[in-house]
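Visitor: how would this look folded up:
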Amino acid sequence: MARLLGRMAAIFVTACLLLTSQTLTAPERAAAADPGYLMVHFTGEGSTNQQMYLSHSTDGLHWNDLNGGGMVLRSTVGTKGVRDPAFVRSPGSKYWIIATDLCIGCGQGWGDSQTNGSRNLVVWESTDLVTWSQPRLLNVADAIPGSGDAWAPEAIWDPASNDYVLYWATNAPLNGVTKHRIYYAHTTDFRTITTPQVYIDRPGTQGIIDTQIIEVPSGVGNYRYVRASGDGQITLEGSNSILGTWTTLGDLSGVGLSGSQVEGPMWMKFNGSDKWALFLDQYATGGGYMPVLTTDPSNPAAYQKQASTSYNMGGTKKRHGWIMNLTAAEESRVLARWPNTTANRLESYNFQDRYVRHTNFDVRIDQNVSTSQDSQFRMRTGLAGTGTVSFESVNFPGYFLRHSAFDFQLVYNDGTAGFAADASFRQVAGLADATWSSFQSYNYPDRYIRHYAYELKLEPISTATGRGDATFRVTG
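Guide: Okay, the predicted model is just below:
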């Protein structure tokens with residue numbers, strides 16, 4: 001009997017372990033009404049891929065690219081490229097995106113960028129998660145002697161200091177060794193910071209390029225905070241205060257993942273459960289992000305790799321980013337702002353080899369634009385409201401065709417009613433051909449978009465030439 005009971009107990013334990021494994025492995029499908037998750041990331045090298053992209057998921061494991069897979073924010077400052085973004089949500093109603101000011105392959109390679117690269121971060125600010133400020137630079141590394149760069153910024157609210165602890169990697173000499181270390185400073189507004197201090201310094205010549213901290217709820221593990229760092233391994237550490245003593249917990253080599261294979265650790269907590277995904281960027285193979293799941297972030301043995309069939313990262317490659325758990329209101333705003341609207345061109349009716357395009361933020365019709373994103377626009381629901389359309393640039397998202405003094409420019413949306421009116425148009429039957437389209441000004445309804453001497457203007461139309469100039473075909 002004892003032997004039978006022992007065998008039954010063993011079977012029961014095995015079944016429980018199997019069920020636990022299945023719970024961790026199976027996709028976490030959220031209820032339809034539950035809010036989901038928003039990932040900010042970049043997609044690769046080059047000036048276009050090193051910009052800000054957004055993806056959305058309802059379950060945390062299956063991701064859909066927003067904005068048709070196109071960029072949602074473009075840096076026009078510093079190196080004019082951005083990588084390694086992080087969301088920051090204030091306790092109130094403010095959001096920031098902070099990112100590395102780095103554009104590899106845009107005139108500078110990896111070696112130069114580490115020794116003589118940007119010492120700034122790029123910062124965007126918002127009050128609603130969809131209308132963002134123009135990007136600005138925040139210098140964080142000039143105060144570090146011999147600093148060569150500033151990479152992979154993160155920030156976390158610290159209740160002990162009642163402000164944000166901003167941390168990032170900088171390559172600099174210290175104690176005779178030049179390498180990447182993690183530095184930190186305090187800030188309340190991501191405009192000014194305190195003097196940077198060393199935060200994480202690995203022994204010897206071992207550098208560390210990125211780290212991300214999460215706060216763990218009471219009752220899970222032994223630490224209030226857990227951080228994952230790329231430092232030759234994916235090292236896990238625990239602490240009960242952000243700037244306190246951190247204890248090394250182990251790494252993910254036990255599940256076959258080392259720092260020579262993956263980097264850019266990115267945490268996500270599943271809604272409604274004490275369950276986490278740690279996404280890791282497979283930079284060595286160019287595979288983008290993959291998740292490992294756990295019910296205890298502080299226990300390296302609790303992490304489980306996932307079968308490739310259990311997750312889908314969407315159509316674009318996801319590189320080092322950050323995931324935000326959305327509220328229902330945030331999700332509604334985000335999905336309304338960046339639907340997967342097709343990118344289109346506007347073909348001239350009377351010069352059918354020419355298309356509307358922007359150049360140096362001026363707007364005209366030009367030839368030979370088939371390979372240029374300068375001639376691609378997304379026709380959004382008009383900024384002035386239903387019944388109108390607005391033209392948002394594909395390669396300068398947030399910039400719209402706007403008339404000023406009846407001339408057209410590509411201008412960043414400042415969120416004002418005046419901008420919305422100037423950038424909104426009624427799409428009507430083409431004045432020269434009803435199967436084409438003409439675009440009537442919202443705030444000057446006696447005027448239409450037309451070209452004159454190949455420049456885009458807003459003018460009254462009274463002649464056959466004018467009707468031809470004011471007629472366009474929306475093409476793919």
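Visitor: all contacts plus neighbour counts: C-alpha atoms, from now on.
Guide: Fine.
Visitor: so how far is Gly382 from Leu121?
Guide: Going from Leu121 to Gly382 by Cα to Cα, to the nearest Å gives 33 Å.
Visitor: which one of those two has more residues nearby?
Guide: Between Leu121 and Gly382, counted using other Cα atoms under 10 Å, the more crowded position is Leu121 (29 against 19).
Visitor: isn't the more buried one up against Trp96?
Guide: No - here Leu121 does not reach Trp96: they are 11.9 Å apart, not a contact under Cα atoms under 8 Å.
Visitor: and the strand or helix carrying Val165, which strands flank it?
Guide: Secondary structure from DSSP states H and E places Val165 in strand 163-174. With DSSP bridges as the test, strand 163-174 is paired with strand 151-158 (antiparallel), strand 177-187 (antiparallel).
Visitor: please identify the most buried of the ones you listed.
Guide: The highest average neighbour count among the strands paired with strand 163-174, using mean count of other Cα atoms under 10 Å, belongs to strand 151-158 at a mean of 23.
Visitor: might one say that Gly207 is in contact with His180?
Guide: Yes - here Gly207 reaches His180: they are 4.8 Å apart, a contact under Cα under 8 Å.
Visitor: anything in contact with each of these two?
Guide: By Cα atoms under 8 Å, 6 or more residues apart in numbering, Gly207 and His180 have no common neighbours.
Visitor: show residues contacting stretch 332-347.
Guide: 66-69, 72, 128-130, 353-356, 375-380, 394, 472-476.
Visitor: now the strands for the stretch 251-400 of the chain?
Guide: Ranges of strands in the stretch 251-400 of the chain, per DSSP state E, counting those that start in this stretch, are 263-269, 276-281, 289-294, 304-305, 319-325, 343-348, 355-359, 362-366, 377-381, 389-393, 399-404.
Visitor: quick check: bridge partners of the residue nearest to Thr381 when sequence neighbours are not counted?
Guide: Using Cα to Cα, 6 or more residues apart in numbering and skipping the chain neighbours, the partner closest in space to Thr381 is Val389 (4.9 Å). Beta-bridge partners for Val389, by DSSP bridges, are Thr381, Phe425.
Visitor: what residues are up against Val389?
Guide: 379-383, 424-427.
Visitor: got it, and Trp110?
Guide: Ile104.
Visitor: sorry, back to before: mind listing what's buried in the strand holding Val165?
Guide: Neighbour counts over strand 163-174 (16 or more other Cα atoms under 10 Å) mark 163-173 as buried.
Visitor: could you give the average pLDDT over it?
Guide: Taken as a whole, strand 163-174 has an average pLDDT of 98.
Visitor: name the residues that touch it?
Guide: Under Cα under 8 Å, 6+ apart, the answer for strand 163-174 is 114-115, 141, 144-158, 178-188, 199, 208-210.
Visitor: give me that answer again for 6 Å
Guide: 146-158, 178-188, 209 (Cα atoms under 6 Å, 6 or more residues apart in numbering).
Visitor: how about that strand as CSV, C-alpha atoms only?
Guide: Once non-C-alpha atoms are left out, strand 163-174 reads as follows in CSV (Å, rounded to 0.1, in the frame of the first residue of the first chain):
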residue,chain,number,x,y,z
ASP,A,163,11.6,61.2,-8.6
TYR,A,164,12.7,59.2,-11.5
VAL,A,165,16.0,57.2,-11.5
LEU,A,166,17.2,57.6,-15.1
TYR,A,167,19.9,55.0,-16.1
TRP,A,168,21.8,54.3,-19.2
ALA,A,169,25.1,52.8,-20.5
THR,A,170,28.2,54.9,-21.2
ASN,A,171,31.6,53.9,-22.4
ALA,A,172,34.2,55.7,-20.3
PRO,A,173,37.5,55.2,-18.5
LEU,A,174,37.4,54.5,-14.8
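Visitor: from the middle of its chain, how far away would it be?
Guide: Offset of strand 163-174 from its chain centre (Cα atoms, centre = their mean, to the nearest Å): 21 Å.
Visitor: any idea of the pLDDT on the residue nearest to Thr381?
Guide: 98.
Visitor: what do you get for the one 5 residues further on?
Guide: Here the pLDDT value assigned to Val394 is 97.
Visitor: just give the nearest non-adjacent residue to it, would you?
Guide: Using Cα to Cα, 6+ apart and skipping the chain neighbours, the partner closest in space to Val394 is Phe377 (5.3 Å).
Visitor: so the one you found bridges to which residues?
Guide: With DSSP bridges as the rule, Phe377 is bridged to Asn344, Ser393.
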